[in-house]
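J.: Need the 3D shape of this:
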Amino acid sequence: INRLAAWVVGSRATLKALLQSMLAPISDLKKAEQEGNYTKRLAVTEELKSYPFGAVWDYYCQESGVPVGADWLNEIVSYEKDVLLKR
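T.: Numbering: from 1, shown residues only. Model prediction:
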C-alpha cells in the first residue's frame with residue numbers, strides 16, 4: 001500500500017467523520033433521550049442513514065479545490081509515477 005495514499009485515505013476519513021458529526025441532529029437525539037422518547041431517538045437515528053452526507057462531502061471537496069470522489073486516487077498514481085518511482 002502506498003504510504004501517501006494511506007495518509008490521504010486516513011485524512012479524508014477523519015474529515016468525513018467530523019462532517020458527519022456536524023450534520024447529525026445531536027440536540028434532537030439528546031432531547032429524545034432525556035425525555036425517554038426512545039422511539040423518536042430510534043427514528044431519527046435511522047433517518048440519519050439517508051442524510052445527504054455524500055453530496056455535502058462532494059461539495060466540500062469541490063469548494064476546497066480537491067478531487068471529488070475517488071478522483072484523488074488518479075493524482076496519487078500520477079505522483080507515484082512521476083516522483084516516487086524516480087527516487
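J.: Secondary structure element holding the residue positioned nearest the centre of the chain?
T.: Residue closest to the mean C-alpha point of the chain, counted by C-alpha atoms, centre = their mean, is Lys16 at 2.1 Å. Here Lys16 sits within helix 3-23, counting by DSSP states H and E.
J.: what's that helix packed up against?
T.: Counting contacts by 3 or more C-beta pairs under 8 Å, 6 or more residues apart in numbering; DSSP states H and E, helix 3-23 is packed against helix 53-64, helix 72-82. Yep, even glycine has a C-beta here, placed from its N, CA and C like the rest.
J.: how about the ones you listed in JSON lines, adding mean neighbour count?
T.: Formatted as JSON lines, these follow (neighbours: other C-beta atoms under 10 Å):
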{"stretch": "helix 53-64", "mean neighbour count": "13"}
{"stretch": "helix 72-82", "mean neighbour count": "13"}
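J.: ok, residues contacting the helix holding Lys16?
T.: When contacts are defined by C-beta atoms under 8 Å, 6 or more residues apart in numbering, helix 3-23 is touched by residues 51, 53, 56-57, 60, 72-73, 76, 79-80, 84.
J.: Let's see that with 7 Å instead.
T.: Residues outside helix 3-23 that contact it (C-beta atoms under 7 Å, 6 or more residues apart in numbering): 51, 53, 56-57, 60, 72, 76, 79.
J.: relative to helix 53-64, how tilted is it?
T.: Interaxial angle, helix 3-23 versus helix 53-64 (axes from the mean of the first three to the mean of the last three C-alpha atoms, to 10 degrees): 120 degrees.
J.: Helix 3-23 - what's its average pLDDT?
T.: What helix 3-23 shows for mean pLDDT is 92.
J.: got it, and stretch 44-52?
T.: Here stretch 44-52 scores 87 as its mean pLDDT.
J.: tell me which residues in that stretch are buried?
T.: For stretch 44-52, the buried set under the neighbour-count rule, 16 or more other C-beta atoms under 10 Å, comprises Val44.
J.: what number of residues lie near Arg87?
T.: When neighbours are counted by other C-beta atoms under 10 Å, Arg87 registers 4.
J.: and Val66, how many residues sit next to it?
T.: The local packing of Val66 (other C-beta under 10 Å) involves 13 other residues.
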